[in-house]
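*Asks:* Dropping the sequence and predicted coords here.
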Amino acid sequence: MSGKDVVEPDTVAKTIEITGNAAAPFIYFDMASAHAVEGGVIIIELVARTVVAEGGGGARNEIVATGHLRCGLVGAKSLQAALNGVGLILAPAPEGKAN
């Protein structure tokens, strides 16, 4: 791969048109349960907690897989940048005088 083929994660959303949004799945998860790297591919397993009804009116929690992320380093950096950006949005506003 030449240097001109590398796209910095923070510029992707600004420079490409995204198609196929209607067919793309929404993935909900409560946590990333495992991660690894195999053959240069980053692997992240996503899980969510669900409640399953049991006989007699009871219920129990169950952890279910909701997604299997696979990406390269550029994809991982892009995802990390997006999550860091959301973290800044959700962070409490600093106390003090408003501008």
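*Replies:* Yep, it's here.
*Asks:* can you map out the strands along the protein?
*Replies:* Taking DSSP state E to define them, one finds strands in the chain at 31-38, 41-53, 59-71.
*Asks:* Can you spell out which residues form a bridge with H68?
*Replies:* Beta-bridge partners for H68, by DSSP bridges, are E45.
*Asks:* What is the burial count for it?
*Replies:* Per other C-beta atoms under 10 Å, the neighbour tally for H68 reads 10. C-beta: built from backbone N, CA, C; applies to glycine.
*Asks:* which residues does it contact?
*Replies:* I43, I44, E45, L46 (C-beta atoms under 8 Å, 6 or more residues apart in numbering).
*Asks:* before we move on, the earlier item: mind checking the strands of the chain for the one nearest to N84?
*Replies:* N84 sits nearest to strand 31-38 of all the strands of the chain, at 15.0 Å, using C-beta to C-beta.
*Asks:* in its sheet, what does that closest one sit against?
*Replies:* strand 41-53 (antiparallel).
*Asks:* buried stuff in the partner strand?
*Replies:* Neighbour-count burial for strand 41-53 flags I42, I44, E45, L46, V47, A48 (criterion: 16 or more other C-beta atoms under 10 Å).
*Asks:* Relative to S33, how far out is the fifth one?
*Replies:* Think V47. 4 Å (C-beta to C-beta, to the nearest Å).
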